[in-house]
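Asker: sequence first, then the predicted structure:
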Amino acid sequence: MACVTVTRREALLSIAGTAIAGAVSRALSNPPTAPSGPPVARVEPVTDTYFGERIVDPYRWMENPKDRDFEPFMRGQAEWARKTLDAIPGRNKLYERIRQLSGETVVTTALQSCKERLFYQQRPKGADNFQLFVRRRDATLPQLLIDPTVMQQDGRHISLDWWVASPDGHYVAYGLSPAGSEDSVTHVMHVDTKEVLPERISRTQYANPSWLPDGSGFFYNRLAGAAKGTTDYYKDSVAFLHRLRTDPEKDLRVLSRGQYREVPGEPTDFPIIISDPSSQYVLASMIGGVRRENPYFSAALKDVLAGNPKWHAIADIADEVVGVAFRGEDVYLQTTSGAQNARVLKTALASGSVATASVVVPESDVVIDSIGLAHDGLYIQDMSGGYGNLRRLSDDGHLRAAPTPFEGTILQLATNTLEAGAYWIGTSWLVPITVLSFDPRTGQHTDTGICPKPQIDLAPYEAIHSYATARDGTKVPLSIVAKKSLARDARNPALVDAYGSYQIVNQPFFNPRGIAFLELGGVLATAHVRGGGEYGKRWWQAGQKLSKPNTWRDLIDCCKALIRDGWTSTARLAIQGGSAGGITVGMALTEQPELFAAVIDNVGVSNALRAELSQNGPPNIAEFGTVNERAGFTALKAMDAMHHVRDGVKYPAVLLTTGLQDPRVDPWQVAKMTARLQKATGSKNPVILRVELDAGHGIGSTRSQADAERADEYAFVLWRAGVPAFQPP
């Protein structure tokens, strides 16, 4: 497989790439009748002192999932949420329409080309989850390799977490986990016979496997085995080499913290080894949690296999290398050092370094988002304001544009150092996911036909690429999707999505379920707030740590722009964010509650001051800061939505969601926010906690689960917006 940018940030935060849509609005009616209200959480204050300031936490007990009251509280909230949401008129009809739209849409999310075979992960028409297929170049029909929809573990659904095929296409390593937990167990399949080899490797959530050139085994990362739910869970993982048909417990330890003086690391670093079939060298890195900049080292493959590598330092963290690709004896480094939009360097794999590298792609006015090497040259994925494009640097040094056939997103760029050209997965607001190939001989992009277009009429809708002016004068991109004929009379339900962390881009993405909302006169908008990566490093750092308030204030200012332009009004305006986007919507809610009719907070970070003490907390300190430093405490306090909830404030309707198997944002974060809002609000607007018992962060959820959740969210929004068909009698 070709070398691509390898960062744990993408795996940790891929929820940002999930289309999370729903709409909310100010309460215009009383809640539908439910048999009883939600359970009331006990208040048991705990006081912490940070740099002389006392912080009182009323729900610290929730951080212990074994507390006698926690599971009853969550199950009681789930029951009340179900009764309340099911009582919304129009919800069931909306659900059936959403099921129809999502079932009609084929979704492809990952692909790999190798040795006359194309592997791809796809949710086919009507399927309930993603499956793995392989299509040979000389065949007309694909072959199904892995189908999680026919698997179960203890009555729970199974998801395909990740997979990588060997360079010759004869084997595929893949991770499976139950109930959206992402707790992957590695399996290996022989592609031609479909034989699943006997070995199983547990604790491989972030395996990042990389096959040996001869396909006889692969490097992978394995967690150390600390107890789940503890801050040690992701610490001190190890990179191993596994040989096929051998006992994994005897795998060769290739790289771990402290194993080699030349390769320093922190407890939260994830050691990885990258090999490529074109090269007799490997790259190693200590991936620093969600840190974008990582060090890289090289060694001869034969020495690594012999257990005696001589690691050579190519880049340090200070060199700000955020992407790598190598072929033969050369390595290409994507760096933001001295170039906020990034540039690409080239140096010798065995002996080079950033200091001796030459610039092959200089910085420009567009952001270099990622790089990939093919047999014919280097492919550069560019991005500006959230929209992607391609360039190609040929081996003769000519840099040429390879414009994509539509304005939108490049979800994945797939290259192979042994093959010319590239494959890529593209989409946009009104362009369903498409798999294309690029031929360097003709300069043309061709639809492979792997992802057929759904039978959905998109002609009535338009996507508008707009901007809002933030309070400090910054132009914030604002994407709007609605009916072409929609009147701007301030009467439309509107749902505004925002994220704003980790330099992740809230990209244009086709959302078939959202068509059901648009059909009813809704407006779906995306605020490309600071903290994301729409304009690269500068945009990210302008919404990080002490600058984090820009993130939710950009969202607020985008919402005000929609109101000024007549798209909606405060009585019909809703916002939504998920995961780290919970900071964005939670703080917008607490800072300006009168602006919104409703808020949807999906698996959201809500108690930032305690986040680093959660299972996934330590790897995220680089993004949000630590309470052990004064500046970090100040930043975290400012973004802690739970501690900004005030008694007696008339909050709008709020729908929070979580999954009890979530490995990324512990359910107690959402539970605390729910309890605090339910106790504090001075309005009669509902605060609802929707709990999935058989789901996690949403990444491994089935189509059925996603359909039901979107139906609940859209119905909730339309109810609060006063749409007649969704009001109780």
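Answerer: Sure thing, it's come through.

Asker: drop to CA atoms for contacts and neighbour counts, all remaining ones
Answerer: Will do.

Asker: what residue spans form the domains of the chain?
Answerer: Split into domains by automatic domain parsing, the chain comes to 15-101+456-726, 108-197, 203-328+343-351, 364-453.

Asker: in JSON lines, list those domains along with distance to residue 337, mean pLDDT and mean neighbour count.
Answerer: Output for the domains of the chain, formatted as JSON lines (distance: least, C-alpha to C-alpha, whole Å; pLDDT from 0 to 100; neighbours: other C-alpha atoms under 10 Å):
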{"stretch": "domain 15-101+456-726", "distance to residue 337": "10", "mean pLDDT": "92", "mean neighbour count": "21"}
{"stretch": "domain 108-197", "distance to residue 337": "30", "mean pLDDT": "94", "mean neighbour count": "19"}
{"stretch": "domain 203-328+343-351", "distance to residue 337": "5", "mean pLDDT": "97", "mean neighbour count": "20"}
{"stretch": "domain 364-453", "distance to residue 337": "13", "mean pLDDT": "97", "mean neighbour count": "20"}
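
Asker: could the ones you listed go into TSV alongside distance to residue 335?
Answerer: Output for the domains of the chain, formatted as TSV (distance: least, C-alpha to C-alpha, whole Å):
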stretch	distance to residue 335
domain 15-101+456-726	11
domain 108-197	25
domain 203-328+343-351	4
domain 364-453	9
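
Asker: residue 336: which of these is closest?
Answerer: Set against residue 336 and scored by C-alpha to C-alpha, the domains of the chain come closest in domain 203-328+343-351, at 5.6 Å.

Asker: how far does that closest one stretch from start to finish?
Answerer: From its first residue to its last, domain 203-328+343-351 covers 34 Å (C-alpha to C-alpha, to the nearest Å).

Asker: which non-adjacent residue is nearest residue 62?
Answerer: residue 668 (5.7 Å; C-alpha to C-alpha, 6 or more residues apart in numbering).

Asker: ok, the one you found - contacts?
Answerer: Contact analysis of residue 668 by C-alpha atoms under 8 Å, 6 or more residues apart in numbering lists 62, 63, 65.

Asker: with residue 136 instead?
Answerer: 116, 117, 118, 142.

Asker: go with 10 Å
Answerer: Residue 136 makes contacts with 113, 114, 115, 116, 117, 118, 119, 142, 143, 169, as judged by C-alpha atoms under 10 Å, 6 or more residues apart in numbering.

Asker: for residue 119, see how far away it is.
Answerer: 9 Å.

Asker: looks to me like residue 383 is in a strand.
Answerer: Yes. Checked against DSSP: H, G, I helix; E, B strand; the rest coil, residue 383 lies within a strand.

Asker: I'd assumed residue 367 was in contact with it.
Answerer: Yes. Counting by C-alpha atoms under 10 Å, residue 383 touches residue 367, with 5.1 Å between them.

Asker: return the subset of the contacts of residue 668 lying in helices.
Answerer: Among the contacts of residue 668, DSSP state H puts none in helices.

Asker: roughly how far does the residue lying closest to residue 40 once chain neighbours are set aside sit from residue 717?
Answerer: With C-alpha to C-alpha, 6+ apart as the criterion, residue 40 has its nearest non-adjacent residue at 7.2 Å, and that residue is residue 675. Residue 675 sits at a distance of 21 Å from residue 717 (criterion: C-alpha to C-alpha).

Asker: ok, back up a step: would you say the residue nearest to residue 62 is within a strand?
Answerer: No. Under three-state DSSP, residue 668 sits outside any strand and is assigned helix.

Asker: and it, how far is that from residue 56?
Answerer: In terms of C-alpha to C-alpha, residue 668 sits 16 Å off from residue 56.

Asker: cool, residue 318 as well?
Answerer: Applying C-alpha to C-alpha to residue 318 and residue 56 gives a distance of 38 Å.

Asker: before we move on, back to that, what is in contact with residue 383 and residue 367 at once?
Answerer: Residues touching both residue 383 and residue 367 (C-alpha under 10 Å, 6+ apart): 341, 533, 534, 535, 536.

Asker: out of these, who's nearest residue 547?
Answerer: Residue 547 lies nearest to residue 533 out of these, by C-alpha to C-alpha, at 14.6 Å.

Asker: which SS class is the closest residue to the closest one other than its chain neighbours?
Answerer: Nearest non-adjacent residue to residue 533, counting by C-alpha to C-alpha, 6+ apart: residue 503, 3.9 Å away. For residue 503, the assignment made with three-state DSSP gives coil.

Asker: now the closest residue to residue 612 other than its chain neighbours, what are its backbone angles?
Answerer: Nearest non-adjacent residue to residue 612, counting by C-alpha to C-alpha, 6+ apart: residue 618, 5.2 Å away. Dihedral pair for residue 618: phi -50, psi -40, per degrees, to the nearest 10.
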